[in-house]
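Engineer: Need the 3D shape of this:
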Amino acid sequence: MIRVEIAIKHVLESCKTLKEYRINLNKAHGFYLSETVFSPINMPPFRQSAMDGYALNLHKNTNYKLIDEVKAGDSHNPQLKQGDAVRIFTGAAVPDSANAVIMQERVIATGNTITLNGDVKLKDNIRPLGEQVKKEAIALKKGTQLTPAAIGLLTSLGITEVSVYKKPNIAIVVTGNELAKAGADLPYGKIYESNAVMLQSALNSLGYHTISIHKVEDNYHSTSTMLNKVIASNDMVLVSGGISVGDYDFVGKALNELQVEQIFYKVKQKPGKPLFFGKKDNTTIFALPGNPAAALSCFYIYVHLSLQKMSGNTQAELQKSQVSSATNYIKKGDRAQFLKAVIKNNAVTILEGQSSAMLQTFAIANALVYVSEETERISVGDTVEVIHLPK
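Structural biologist: Residues are numbered from 1 along each chain as shown. Just a heads-up that it's a prediction; the model follows:
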């Protein structure tokens, strides 16, 4: 049994980014760049008006002769002498001979003459060539996640394809003869299976959608056959249940027989002690506890970390912060703990109902309070480490 910090270290060291490939920007949301992108153009590609108004060739008088108009998208370049002005609109190209733009609210227009009703200085309201990014300068660095804003930026530079790290194909394997499908009748002794849908939902919320779900009976042959199949055809395998040491827990034996390298098994934590992490060839395998809250805790602490590293995210861990506790808590035992909690107004409340089998508390939590092995109690006002859960 290893410490939480050592388990996290092993996950980070063992998981490598997946292969790179080219992808169209309209399908690239959520991916991470596998190479730095340099701008092929200046942005803006011309001096650009920042507002609706008048472009001026400044002189000492407040009266200007209106000689032309430039709309957004126009390609002509009027020649202004000192004292000349052109009507101009936001986003339009500022003529080369203009040296300031004044907003229309500060101008009185009378026929072909305008009179300034406010101060204007050289270069006012003109976005310079390449103000946002210059040609051949870095637009986005390797490892940047492609958010809507990032995709918008690259598209504005005329880029249609980028090189990204592949997202993993993921198989979820659910074990347990006691499991029934939600929506069906529930015979005595059975429970509805929820881990697969829960894990799939967690994966979807993080932008992972290439997921298959497999149900396996509690016998060695079925377990071994299914694991062999999914390990051979996926980048990551998540096994729910069957990893403990009961008479009908066959996952550990099957993984061993399939020559999966065990990197660690059992972590000194609560919930989620019977967690297995291993690899075979290029496939990462997590065998999660069967109890739902334990499985989800392990997902956020370890699986999330692995997914981010495989996808090219260099800042792989969930956001953490130091927050004041609004709750007293006495820890039982010597294991580290991850406690479901709600953080609000820079204070965190540890919730009731911390059982590894219960999801109701997890359903309203937005954070986990990490309690180290050495910590024995938390008092109101103590500073605690909080792990922020994804929405």
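
Engineer: In this structure residue 144 contacts residue 33, no?
Structural biologist: Yes - counting by Cβ atoms under 8 Å, residue 144 does reach residue 33; the two are 5.0 Å apart. Backbone N, C-alpha and C define where each C-beta goes, glycine included.

Engineer: higher neighbour count, those two?
Structural biologist: Using other Cβ atoms under 10 Å as the criterion, residue 144 and residue 33 rank with residue 33 on top: 23 against 19.

Engineer: And that one, its phi and psi?
Structural biologist: Phi and psi for residue 33, reported as degrees, to the nearest 10, are phi -60, psi 130.

Engineer: what's the helix or strand of the chain with the lowest mean pLDDT packed up against?
Structural biologist: Using mean pLDDT, DSSP states H and E, the weakest-scoring helix or strand in the chain turns out to be strand 179-180, at a mean of 74. Here strand 179-180 touches strand 191-192, going by 3 or more Cβ pairs under 8 Å, 6 or more residues apart in numbering; DSSP states H and E.

Engineer: The least confident helix or strand of the chain pairs with which strands, and in what direction?
Structural biologist: Strand 179-180 has the following strand partners under DSSP bridges: strand 191-192 (parallel).

Engineer: Averaged pLDDT, the partner strand. What do you get?
Structural biologist: Mean per-residue pLDDT for strand 191-192: 82.

Engineer: ok now it, how far from the chain's centre?
Structural biologist: Strand 191-192 sits 32 Å away from the centroid of its parent chain (Cα atoms, centre = their mean, to the nearest Å).

Engineer: Please apply the same query to stretch 184-192.
Structural biologist: 37 Å.

Engineer: pull the CA atoms of it into PDB?
Structural biologist: Presented in PDB, the C-alpha positions along stretch 184-192 are these (Å, rounded to 0.1, in the frame of the first residue of the first chain):
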ATOM      1  CA  ALA A 184     -35.700  -2.700 -15.600                       C
ATOM      2  CA  ASP A 185     -37.400  -4.500 -12.700                       C
ATOM      3  CA  LEU A 186     -35.200  -4.800  -9.700                       C
ATOM      4  CA  PRO A 187     -35.100  -8.300  -8.300                       C
ATOM      5  CA  TYR A 188     -34.400  -8.900  -4.600                       C
ATOM      6  CA  GLY A 189     -30.600  -8.900  -4.000                       C
ATOM      7  CA  LYS A 190     -29.800  -6.800  -7.000                       C
ATOM      8  CA  ILE A 191     -28.900  -3.100  -7.400                       C
ATOM      9  CA  TYR A 192     -29.000  -0.800 -10.400                       C
END
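
Engineer: got a list of contacts for it?
Structural biologist: 178-182 (Cβ atoms under 8 Å, 6 or more residues apart in numbering).

Engineer: Of the residues you listed - the most surrounded one?
Structural biologist: Going by other Cβ under 10 Å, residue 179 tops those with 20 neighbours.

Engineer: wouldn't that residue be in contact with residue 216 here?
Structural biologist: No - applying Cβ under 8 Å, one finds residue 179 not in contact with residue 216, separated by 10.3 Å.

Engineer: so what's residue 315 closest to, chain neighbours aside?
Structural biologist: Spatially, and ignoring its direct neighbours in sequence, residue 315 is nearest to residue 308 (7.9 Å; Cβ to Cβ, 6 or more residues apart in numbering).

Engineer: Could I get the contacting residues of the one you found?
Structural biologist: Going by Cβ under 8 Å, 6+ apart, the list of residues near residue 308 reads 315-317.

Engineer: three-state assignment of it?
Structural biologist: Following DSSP: H, G, I helix; E, B strand; the rest coil, the label given to residue 308 is helix.

Engineer: now swap in residue 239 and tell me
Structural biologist: Once three-state DSSP is applied, residue 239 turns out strand.

Engineer: Distance of it relative to residue 214?
Structural biologist: 10 Å (Cβ to Cβ, to the nearest Å).

Engineer: Those two: which is more packed in?
Structural biologist: Higher neighbour count among residue 239 and residue 214: residue 239, with 29 against 16, using other Cβ under 10 Å.

Engineer: Tell me both backbone torsions, phi and psi, for the most centrally placed residue in the chain.
Structural biologist: Nearest residue to the geometric centre of the chain (Cα atoms, centre = their mean): residue 206, 6.1 Å. Per-residue torsions, residue 206: phi -100, psi 0 (degrees, to the nearest 10).

Engineer: That one touches residue 304, doesn't it?
Structural biologist: Yes - between residue 206 and residue 304 there is a contact under Cβ under 8 Å: 7.0 Å.

Engineer: Do a quick rundown of the helices in this structure.
Structural biologist: In the chain, the helices defined using DSSP state H lie at 4-14, 148-156, 195-205, 220-233, 251-257, 292-298, 304-311, 360-364.

Engineer: Go through the ones you listed and pick out the most buried.
Structural biologist: With neighbours taken as mean count of other Cβ atoms under 10 Å, these reach their highest mean count in helix 292-298, at a mean of 25.

Engineer: For that one, C-alpha coordinates in PDB please.
Structural biologist: What follows is helix 292-298, C-alpha atoms only, in PDB (Å, rounded to 0.1, in the frame of the first residue of the first chain):
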ATOM      1  CA  PRO A 292     -19.600   4.500  -6.500                       C
ATOM      2  CA  ALA A 293     -18.300   7.300  -4.400                       C
ATOM      3  CA  ALA A 294     -14.900   5.600  -4.100                       C
ATOM      4  CA  ALA A 295     -14.800   5.000  -7.900                       C
ATOM      5  CA  LEU A 296     -15.600   8.700  -8.600                       C
ATOM      6  CA  SER A 297     -13.000   9.900  -6.100                       C
ATOM      7  CA  CYS A 298     -10.300   7.800  -7.700                       C
END
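
Engineer: what about that helix, average pLDDT?
Structural biologist: So the average pLDDT for helix 292-298 ends up being 95.

Engineer: now swap in stretch 70-88 and tell me
Structural biologist: On average, the pLDDT along stretch 70-88 is 97.

Engineer: residues shared between the contacts of residue 206 and residue 304?
Structural biologist: Common contacts of residue 206 and residue 304, defined by Cβ under 8 Å, 6+ apart, comprise residue 390.
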